[in-house]
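1. one predicted model, sequence on top.
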Amino acid sequence: MNAKELRSKSDQELRDELSALFKEQFNLRMQNAIGQGARSDQFSKVRKNIARVKTVMTQKRAESSSNGGE
């Protein structure tokens, strides 16, 4: 997932994506806690994807507020 793909999504799709990423992050933590040994690189990938989605959502919100003020 990259920022270009995320920018083409609607607000609802971004919220759904963010929710799915939080669930995945939770599942990885639970797997780690019970000793299933989730791949450690997945933690950072999910965390970075969450940051990407939040960044795009913030940029879209800023765009819409600056365009609405004209």
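-> Looks like it came in fine. Numbers count the residues shown, from 1 in each chain.
2. so how far is Ile34 from the spatially most central residue of the chain?
-> Nearest to the geometric centre of the chain sits Ile50, at 2.8 Å (CA atoms, centre = their mean). Noted for Ile50: a distance of 22 Å to Ile34, by CB to CB, to the nearest Å. The C-beta positions use only the backbone N, C-alpha and C, and glycine is treated the same way.
3. the longest helix in this protein is where?
-> helix 40-68 (DSSP state H).
4. and it, what other elements does it pack with?
-> helix 3-7, helix 11-33 (3 or more CB pairs under 8 Å, 6 or more residues apart in numbering; DSSP states H and E).
5. quick one: contacts of stretch 22-35?
-> Contact partners of stretch 22-35, identified using CB atoms under 8 Å, 6 or more residues apart in numbering, comprise Gly37, Ala38, Gln42, Phe43, Val46, Arg47, Ile50.
6. now it: how far from the chain's centre is it?
-> Between the centre of stretch 22-35 and the centre of its chain there are 16 Å (CA atoms, centre = their mean, to the nearest Å).
7. in this protein, where is pLDDT below threshold?
-> For the chain, the stretches with pLDDT under 70 are 38, 69-70.
8. how close does the spatially closest residue to Leu18 that is not a sequence neighbour sit to Ala62?
-> Among residues not flanking Leu18 along the chain, Val53 sits closest, at 4.8 Å (CB to CB, 6 or more residues apart in numbering). According to CB to CB, Val53 stands 15 Å off from Ala62.
9. who has more neighbours, these two?
-> Per other CB atoms under 10 Å, whichever of Val53 and Ala62 has more neighbours is Val53, with 24 against 10.
10. contacting residues for Asp11?
-> Met57, Lys60.
11. no further queries at this time; thank you.
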